[in-house]
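Trainee: Need coordinates for the below:
(one chain, ligands or ions: 3)
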Amino acid sequence: MFDDRLSKGRRRGRAALTALVIAGVGAALIAGSAFFPTLVEAKKKELRTEVPPGELDDYYGFFSGGHSGEVRVLGLPSMRLFKRIPVFNLDAGSGWGVTNESKAMMGGLVTGDTHHAHASYKDGTYDGKYLWINDKANNRLARIRLDYMETDTIISIPHAQGVHGIFPQRYPQTDWVILNSEFRTPLHNDGKGDIRDAASYNGVHTVVDAHDMKIVCQVMVPCNLDLAATDYQGKYSFATSYNSEGGATISEMLAKDRDWLVVFDWDAIKDGLKKKDYKVVDGIKMLDGKPGSRYAIYVPVPKNPHGVNVSPDGKYAVCSGKVSPTATVVAIDKLADAFAGKIEPKDTIVAEPEIGLGPLHTTFDGRGNAYTSLFIDSQIVKWNIQKAIDLYKNPKKDDTAVVDRLDISYQVGHTMASMAETKEADGHFLVSLNKISKDRFLNVGPLKPENDQLVDISGDKMRLLMDEPSYIEPHDCIIVRRDIVEPHVKDRADMDEHPLAVHKNAIERDGNKVTVHLTANAPVYGMQEVEVNEGDEVTFIVTNHDEIPDLAHGFCISDYGINFVVGPFQTRSVTFVANKPGLHWIYCTNFCHALHLEMRLRLMVKAKA
Ligand code: RUQ
Ligand code: CUA
Ligand code: CA
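Mentor: Ligands and ions are numbered 1, 2, ... in the order given. Prediction:
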């Protein structure tokens, strides 16, 4: 009865709405768009290009930090820097690389070269849970959990050097993350045998399980593999290869006019794993993806390609040769025929528009346009994909797929548009990550900041909105709608997630091993003094018990080179040898209370007799 009334009410409401819409359309026909704004205009109105004080940004930007080894979190469109997430680097601010927790992940290394940050997916768009980042320098993959925005796992990738392009599976969700090795090496890289024989080197396409961060398998190829992408169906991954020549010198690597876009078939890989069509090398399942195998096809693309990006409609993979003024469009729906041998790999190419000099990376607006960074021309070039395809079929003199060009300052590497690596690409903003800023900022010495420029791409013409100096050296970024990430982000850790969380202050001694369990609660640590002997191996485990959100405590041991931060309800530990006798004040480094300066305790190291 009640339901019936409700649905009647709804029906009446719908009828009234229909009448209104008809009236509205009529009025629009009479008065034109001034009365009834077109959809495009309505969309433009949504675009905020400024964020006044007190208001929040519409997007998160996750930027790699290049060889600073970190990931940066920015807000867009303000371009304000919120957080630097240490990953592979020593970070004195947070104590990353000092605590036992971080050292266990870092494996004794404090350098890294992060290039490509990509987030986890569900159904072709971000789910806001994880972010992955490569370390090209030491061949690792890290995962960052977005609820804490902290690194939670780092793994090493064997048989690989120059671990560069990475990409998560986009559909149906991220179960795999794939990685490329940009440098070829001998498979058993142990210095035995003829290591000068460049012809014997290989590259590998590595598949990592996104959940347990274990290596599923590697696909060995004779060429190098540079940038990476996945499709929107969970079927293929892509890798550019600029060294199809198998050269070891730059002139050898530039010998051919065409190199490859290598495409990997995931169903074939899964089948190969099931049928045990692999060798086990150092415990890793190694499939052979050489030309002619069923695992990979090699699409010939212009000289020394770099970026590869898949359009948000899932139809095309776009790559470009660094020394060819063109982009290459590969139709993903033709790949199955190429794998089946019904067509040649080259027949998957449906366009090759001329766009400008030094094309590197391409991004998309979700309205059929591509935006490619031109390193040599210092431009972002906007071009229409369908027009490029039409002109490839029916070339017309004096016609071009290029729609617009924007001069940037200067020498752009990556470019990325908002949500562009998802099926929800919204065509609002684009960031041009420029390697050189030259005259754009106050001079700070021989090495200037880089320049990340924010561009409005909502209209027909690109519009430069902002120059943002940045420290060494973001390569790539993704721009994620705030509503996707924000609900996952926590204000407070789950205290017992850390197995050693301290609930009771205590000192334990086992021979010369001393463990101190310590709480921190503004403005006091749970103990006021700790006494140990010179030569003891001392572990401090510190848990922040403060109820006030956002309140952190530091833990610095004077003259011991130890300092770290403990966030709300988090636990951090450190182990060291008490090799400096004497009194060492331990003090809190985060201004946490009016009596913050008094928040300290005595570490007394008694000298050996
Ligand atoms: S790659 S621009 Cu990793 Cu282009 Cu840096
Ligand atoms: Cu705790 Cu300052
Ligand atoms: Ca080449």
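Trainee: Quick check: the residue of the stretch 401-550 of the chain nearest ligand 2.
Mentor: Residue nearest to ligand 2 within the stretch 401-550 of the chain (C-beta to the nearest ligand atom): residue 522, separated by 5.1 Å. Yep, even glycine has a C-beta here, placed from its N, CA and C like the rest.
Trainee: What count of nearby residues applies to the spatially closest residue to that residue that is not a sequence neighbour?
Mentor: Spatially, and ignoring its direct neighbours in sequence, residue 522 is nearest to residue 593 (3.9 Å; C-beta to C-beta, 6 or more residues apart in numbering). By other C-beta atoms under 10 Å, 18 other residues sit near residue 593.
Trainee: wait, what's in contact with residue 593?
Mentor: By C-beta atoms under 8 Å, 6 or more residues apart in numbering, residue 593 lies in contact with 522, 523, 599.
Trainee: dump the residue contacts of residue 129.
Mentor: Neighbour list for residue 129: 119, 120, 145, 146, 147, 488 [criterion: C-beta under 8 Å, 6+ apart].
Trainee: Point out the ones among those that are inside strands.
Mentor: Taking DSSP state E, the ones among the contacts of residue 129 that sit in strands are 119, 120, 145.
Trainee: and the residues you listed as a markdown table, adding pLDDT?
Mentor: As requested, the ones in strands among the contacts of residue 129 are exported to a markdown table (pLDDT from 0 to 100):
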| residue | pLDDT |
| --- | --- |
| 119 | 98 |
| 120 | 98 |
| 145 | 98 |
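Trainee: So which bits of the helix or strand hosting residue 563 are buried?
Mentor: If you go by DSSP states H and E, residue 563 is part of strand 562-566. With burial defined by 16 or more other C-beta atoms under 10 Å, the residues of strand 562-566 counted as buried are 562, 563, 564, 565, 566.
Trainee: Provide the strand pairings for it, with the direction of each partner.
Mentor: Applying DSSP bridges, strand 562-566 is found paired with strand 553-557 (antiparallel).
Trainee: on that earlier part again, pLDDT of the strand holding residue 563, averaged?
Mentor: Averaged over strand 562-566, pLDDT sits at 98.
Trainee: Can it be said to contact ligand 2?
Mentor: No: Strand 562-566 lies out of reach of ligand 2 by C-beta under 6 Å from any ligand atom, never closer than 8.8 Å.
Trainee: Show the contacting residues for whichever residue of the stretch 351-500 of the chain sits closest to ligand 1.
Mentor: Residue of the stretch 351-500 of the chain nearest ligand 1, by C-beta to the nearest ligand atom: residue 413 (2.9 Å). If a contact means C-beta under 8 Å, 6+ apart, then residue 413 has 360, 361, 373, 375, 433, 434, 435, 475, 476 as its contacts.
Trainee: hmm, 7 Å instead?
Mentor: Contact analysis of residue 413 by C-beta atoms under 7 Å, 6 or more residues apart in numbering lists 360, 373, 375, 433, 435, 475.
Trainee: Just give me the closest of those to residue 104.
Mentor: Taking C-beta to C-beta as the measure, residue 104 sits nearest to residue 475 out of those, at 27.1 Å.
Trainee: who are the neighbours in contact with that closest one?
Mentor: By C-beta under 7 Å, 6+ apart, residue 475 lies in contact with 64, 66, 115, 116, 413, 414, 433.
Trainee: distance of it from residue 337?
Mentor: Using C-beta to C-beta, to the nearest Å, residue 475 is found at 35 Å from residue 337.
Trainee: Quick check: nearest residue in space to residue 599, chain neighbours excluded?
Mentor: In space, and not counting its chain neighbours, residue 599 is closest to residue 588: 4.0 Å by C-beta to C-beta, 6+ apart.
Trainee: quick one: that neighbour from residue 567, how far?
Mentor: 13 Å.
Trainee: In terms of packing, which of those two has more residues around it?
Mentor: residue 588 (26 against 20).
Trainee: Surely residue 269 is within a strand?
Mentor: No: Residue 269: not assigned to a strand; according to DSSP: H, G, I helix; E, B strand; the rest coil it is helix.
Trainee: residues contacting it?
Mentor: 207, 217, 219, 287, 295.
Trainee: Try it again at 6 Å.
Mentor: With contact taken as C-beta atoms under 6 Å, 6 or more residues apart in numbering, residue 269 is in contact with residue 295.
Trainee: what's the spacing between it and ligand 2?
Mentor: Distance of residue 269 to ligand 2, computed by C-beta to the nearest ligand atom, to the nearest Å: 51 Å.
Trainee: Need the per-residue pLDDT for residue 46.
Mentor: For residue 46, the model assigns a pLDDT of 70.
Trainee: swap in residue 609?
Mentor: Confidence at residue 609, expressed as pLDDT, is 84.
Trainee: Sketch out the low-pLDDT regions of this structure for me.
Mentor: By pLDDT under 70, the weakly predicted segments of the chain are 1-45.
Trainee: hey, which strand is longest across it?
Mentor: Using DSSP E to define each element, the chain has its longest strand at strand 125-135.
Trainee: does stretch 355-370 come close to ligand 1?
Mentor: Yes: using C-beta under 6 Å from any ligand atom, stretch 355-370 reaches ligand 1 at 360, 361.
Trainee: and that stretch, which residues are buried?
Mentor: Within stretch 355-370, the residues that count as buried by 16+ other C-beta under 10 Å are 355-356, 358-366, 369-370.
Trainee: same thing with stretch 69-85?
Mentor: By 16+ other C-beta under 10 Å, the buried positions in stretch 69-85 come out as 69-79, 84-85.
Trainee: List just the nearest of those residues to residue 132.
Mentor: The nearest member of the buried residues of stretch 69-85 to residue 132, counting by C-beta to C-beta, is residue 71 at 9.9 Å.
Trainee: wait, what's in contact with that closest one?
Mentor: 85, 87, 117, 133.
Trainee: Residue 94 and ligand 3: what is the separation?
Mentor: 42 Å (C-beta to the ion, to the nearest Å).
Trainee: Spit out the contact partners of that residue.
Mentor: Going by C-beta under 6 Å, 6+ apart, residue 94 touches 86, 565.
Trainee: Make 23 the first number, not 1, from now on.
Mentor: Happy to do that; since the first residue is 23 now, the last one works out to residue 116.
Trainee: what ranges do the helices span in this structure?
Mentor: 24-53, 61-68, 122-128, 272-275, 288-296, 357-361, 407-415, 504-507 (DSSP state H).
Trainee: How about the contacts made by the residue most central in space within the chain?
Mentor: What sits nearest the mean C-alpha location of the chain, by C-alpha atoms, centre = their mean, is residue 139, with 0.7 Å. Going by C-beta under 6 Å, 6+ apart, residue 139 touches 84, 86, 93, 153, 155.
Trainee: distance of it from residue 216?
Mentor: Applying C-beta to C-beta, one obtains 38 Å for the distance of residue 139 from residue 216.
Trainee: can you tell me if the longest strand of the chain touches ligand 1.
Mentor: No: using C-beta under 6 Å from any ligand atom, strand 147-157 stays clear of ligand 1, with a minimum separation of 8.0 Å.
Trainee: strand partners of that strand, parallel vs antiparallel please.
Mentor: Neighbouring strands of strand 147-157 in its sheet, by DSSP bridges, are strand 139-144 (antiparallel), strand 162-167 (antiparallel).
Trainee: All good on my end, thank you.
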